[in-house]
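S.K.: Predicted model follows, preceded by the sequence.
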Amino acid sequence: MSLTLYLHPLASFCHKVLIALYENGTPFTPRLVDFSDEASRAALTDKWPLGKIPVLHDSVRDRAIPETSIIIEYLALHYPGPVALLPADDEARLDARLWDRFFDFYVHVPMQKIVADRLRPEGSKDPAGLAEAHRALDMAYGILEARLAAGGLVPGEAFTIADCAATPALFYASIVHPFAPEQGHLAGYFEGLLARPSVRRTLDEARPYFHLYPYREAMPRRFLDPAEA
């Protein structure tokens with residue numbers, strides 16, 4: 001098997017790439033990264049010195065590919081499957097890339113700031129940064145709700161790279177900053193994502209690690225217990 005994905009099953013950006021792989025049934029070998037283990041960490045930094053996950057390694061080309069959007073585009077270029085995550089139409093492809101970036105920068109990043117603040121020791125919390133992250137999610141949710149209300153799925157009817165980005169961003173963001181009651185279109189879009197087999201598989205693999213999530217007590221029971229889903 002030529003593809004190895006360096007990942008952790010709890011990591012939100014890893015979910016984005018896993019969903020892309022599972023959508024197309026692309027064979028790969030998962031390699032769990034334990035940052036507390038020197039050898040495990042060194043195996044990752046040998047492939048990508050910044051030490052960020054996920055990283056995809058392709059042994060056929062002896063190439064390491066970091067950054068989620070680049071990984072998904074690399075897969076589309078060299079290991080295409082039945083689901084065209086990058087649409088063939090130029091305008092649709094630009095739209096998919098736009099919303100991919102939107103979810104990463106304006107949902108994923110503020111969500112991670114909220115989670116990171118909980119991990120800060122007492123005396124080093126960032127109340128101003130935390131409030132700003134919540135405001136950023138309010139704005140992002142509002143933009144998404146309006147977009148969905150006007151035209152259905154954010155990038156279009158086909159499942160694309162934007163949906164891969166949306167799924168983990170909204171999954172974790174909705175725990176730390178729930179959707180407002182009036183954001184029914186956004187909630188419906190999220191439920192549609194959760195119904196996809198690729199997403200269910202990704203979350204099933206993450207479930208044994210959910211006890212490590214800093215907002216574990218806020219996680220809806222249906223995510224913790226598959227019988228509740």
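M.R.: Looks like it came in fine. Numbers count the residues shown, from 1 in each chain.

S.K.: All the strands of the chain, in order from the start?
M.R.: For the chain, the strands defined by DSSP state E occupy 3-7, 29-32, 55-58, 63-66.

S.K.: what comes up buried for the longest helix belonging to the chain?
M.R.: Using DSSP state H to define each element, the chain has its longest helix at helix 127-151. Neighbour-count burial for helix 127-151 flags 130, 133-134, 136-137, 140-141, 144-145, 147-148 (criterion: 16 or more other CB atoms under 10 Å). For glycine as for every other residue, the C-beta is placed from the backbone atoms N, C-alpha and C.

S.K.: Check stretch 106-118 too.
M.R.: For stretch 106-118, burial by neighbour count (16+ other CB under 10 Å) applies to 106-108, 110-115, 117.

S.K.: What separation do you get for Arg97 and Arg61?
M.R.: Between Arg97 and Arg61 the computed distance is 23 Å (CB to CB, to the nearest Å).

S.K.: Of the two, which one has the most company?
M.R.: The neighbour comparison of Arg97 against Arg61 (other CB atoms under 10 Å) goes to Arg97, with 19 against 11.

S.K.: what's the pLDDT at that one?
M.R.: Per-residue pLDDT puts Arg97 at 95.

S.K.: List the contacts of it.
M.R.: When contacts are counted by CB atoms under 8 Å, 6 or more residues apart in numbering, Arg97 touches 69, 86, 161-162.

S.K.: The same query, at a cut-off of 10 Å, please.
M.R.: By CB atoms under 10 Å, 6 or more residues apart in numbering, the contact set of Arg97 is 69, 73, 86-87, 155, 160-162, 165.

S.K.: any low-confidence regions in the protein?
M.R.: For the chain, the stretches with pLDDT under 70 are 1, 152-156, 227-229.

S.K.: which stretches of it form helices?
M.R.: 12-23, 38-47, 68-78, 90-102, 109-119, 127-151, 161-176, 184-194, 197-206, 221-224.

S.K.: and the angle for the fourth one with helix 68-78?
M.R.: Going by axes from the mean of the first three to the mean of the last three CA atoms, to 10 degrees, helix 90-102 is angled at 150 degrees with respect to helix 68-78.

S.K.: Name the nearest residue to Tyr6, sequence neighbours excluded.
M.R.: Ranked by CB to CB, 6 or more residues apart in numbering and with sequence neighbours excluded, the top spatial neighbour of Tyr6 is Val55, at 4.5 Å.

S.K.: Good, wrapping up.
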